[in-house]
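In: All I have is the shape, not the residue letters:
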């Protein structure tokens with residue numbers, strides 16, 4: 001024999017809760033689907049922001065965050081540095097990504113770099 005209970009929701013609407021086996025399994029299935037959706041959303045937030053701008057560079061991490069060596073150059077702890085150039089105003093900038101991919105636009109991305117190449121070269 002299955003029982004039904006009336007449950008008052010927080011916003012004032014009434015809902016029925018089936019206390020039988022099928023009701024419980026259906027309820028657990030809905031929680032499982034919700035958990036998968038939350039996990040997918042959290043995973044998406046952990047990826048670098050696409051096309052975040054530093055000067056004229058569209059860097060994966062928005063701002064340069066690669067480590068700098070003693071001579072002042074950015075380097076990769078993991079992956080390899082892929083570099084491209086852009087101009088804004090009269091300044092030429094180098095933009096870089098430490099990536100495990102084959103080009104500056106393919107990940108996985110490990111850190112971003114950017115520096116001024118020449119002040120009056122554009």
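Out: That came through fine. Remember, it's a predicted structure, so these values are computed and weren't measured experimentally. Residues are numbered from 1 along each chain as shown.
In: so how many other residues sit close to residue 79?
Out: The local packing of residue 79 (other C-beta atoms under 10 Å) involves 16 other residues. Placement of C-beta: from N, CA and C, glycine included.
In: Would you agree it is in contact with residue 100?
Out: Yes: counting by C-beta atoms under 8 Å, residue 79 does reach residue 100; the two are 4.5 Å apart.
In: Common neighbours of these two, please.
Out: Common neighbours of residue 79 and residue 100 (criterion: C-beta atoms under 8 Å, 6 or more residues apart in numbering): 108, 110.
In: Between the two ends of stretch 59-77, what distance do you get?
Out: Counting by C-alpha to C-alpha, to the nearest Å, you get 17 Å between the two ends of stretch 59-77.
In: bridging residues for residue 111?
Out: Assessed by DSSP bridges, residue 111 has beta-bridge partners residue 98.
In: Contact partners for it?
Out: 61, 65, 66, 67, 74, 76, 77, 97, 98.
In: next one: residue 104
Out: Residue 104 neighbours (C-beta under 8 Å, 6+ apart): 82, 83, 84, 95, 96, 97.
In: can we see that at 7 Å?
Out: 82, 84, 97 (C-beta atoms under 7 Å, 6 or more residues apart in numbering).
In: number of nearby residues for the closest residue to residue 63 other than its chain neighbours?
Out: Excluding its sequence neighbours, the residue lying closest to residue 63 (C-beta to C-beta, 6 or more residues apart in numbering) is residue 54, at 5.5 Å. Using other C-beta under 10 Å, residue 54 has 17 neighbouring residues.
In: was I right about residue 54 contacting residue 61?
Out: No: Residue 54 lies out of contact with residue 61 (C-beta atoms under 7 Å); the separation is 8.9 Å.
In: Since that was my last question, I'll sign off now.
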